[in-house]
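J.: return a 3D structure for these sequence lines:
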Amino acid sequence: MDRIGFLFPGQGSQKQGMGKEFYEIYETAREIFNRAEKILTDCSIKSLCFEADDEELRRTENTQPALFASSYAIFSVLKEKGYTGDVFAGHSLGEYTAITASGYISFEDGLKLVRRRGILMRDCDPGQKGGMAAIIGLDNETVGTVCRETGDVFSANFNSPNQIVISGMKDRLKIAVKKLEAAGARRAIMLNVGGPFHTPYMKEAAHEMEKELDSIEWKRGKGSIVSNATAEVTSDPVTIKKNLINQLYHPVLWNVSCQKLVDLGYSSYIEPGPGGVLKGLFRTISREVKVFPVEKPDDVDRIE
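T.: Predicted coordinates:
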């Protein structure tokens, strides 16, 4: 396999037990989870990943460090087995896993950042009144028009040619969903996330995250990063940091990011973490690429 890319999942992919089998089988994964327990003193990563129910995992301050740690633990096993990539991308939260896996920041700093990011994003929606919904089967223009007409609802994730995620306060979101269904959406699905992410509601979180990102040590990584906010490829730490700040309140350009990877000639990808969501999205963009989700230890043997 040559020209490998790594794709890291974001919020919505989390599930109970994620990473547990890797923890039980591989010393490398065990070391990552045990380090995480020592790094974060205000929550137990192992409890969140292995035991927490859907409601506890849905809380963004829990989702983010748990999904980050489990995906990174799986990546560490893959790296030990000789799987290395030269381009890395992650969906929203997954962009932090990508920059950690590619060596731009340390695991300790990455874990602290995503825990802090989750708390800041939670605090932008103190009443937990915000949410997101996936709209399937409508074009960007129609979705954008309905969001503007509804008010306080935004196109937040351009995930594939057929899927756009909208974000906002749940009362307005429900109105927008009904309008979009009337406009011909094939499906409208409320997502398992805890806030109005990638909208102007997150500007205060972005301001605070800029301080956090400025406070850590940045290094030259071992691969390029595809930014959510711009869909551009970069290996410049200053640009990566700027893009991480912007992605909090700008849409995730996942569809364009994946097309950029295809245009650059990457045809094989590994997706460390639960769900296999990114494989499903990529299939709607290009049938030529191969994406290998690695959620369980047996999945490692399926990588071609």
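
J.: strands of the stretch 101-250 of the chain, start to end?
T.: Ranges of strands in the stretch 101-250 of the chain, per DSSP state E, counting those that start in this stretch, are 130-136, 153-160, 163-169, 187-190, 224-226, 233-234.

J.: okay, now Gly118: neighbour count?
T.: Gly118 has 26 neighbours, counted by other CB atoms under 10 Å. Using the backbone N, CA and C atoms, a C-beta is placed for each residue, glycine as well.

J.: surely it and Gln64 touch.
T.: Yes - applying CB atoms under 8 Å as the test, Gly118 and Gln64 come out as touching, 3.8 Å apart.

J.: pull the contacting residues for the nearest residue to Val294 once chain neighbours are set aside.
T.: Nearest residue to Val294 in three dimensions, chain neighbours excluded: Pro272, at 5.0 Å (CB to CB, 6 or more residues apart in numbering). Listed by CB atoms under 8 Å, 6 or more residues apart in numbering, the contact set of Pro272 reads 6, 8, 71-72, 74-75, 78, 294.

J.: strands - which of these land there?
T.: Taking DSSP state E, the ones among the contacts of Pro272 that sit in strands are 6, 8, 294.

J.: thinking again about what came up before, top of the contacts of Pro272 by number of neighbours, please.
T.: Ser71 (33 neighbours).

J.: give me the distance between that residue and His91.
T.: Using CB to CB, to the nearest Å, we find Ser71 at a distance of 11 Å from His91.

J.: shared neighbours of the two, anything?
T.: Shared contacts of Ser71 and His91, counting by CB under 8 Å, 6+ apart, come down to 8-9.

J.: re earlier: for the contacts of Pro272, which one is nearest Asn140?
T.: Nearest to Asn140 among these is Phe8, at 24.7 Å by CB to CB.

J.: hmm, Val226 and Glu232 touching each other?
T.: Yes - using CB under 8 Å, Glu232 is in contact with Val226, at 7.4 Å.

J.: can you list the domains in this protein?
T.: 4-125+200-302, 130-190 (automatic domain parsing).

J.: follow-up on the earlier one: which one of the strands of the stretch 101-250 of the chain lies closest to Val277?
T.: Proximity to Val277, assessed across the strands of the stretch 101-250 of the chain by CB to CB, is greatest for strand 153-160 (8.9 Å).
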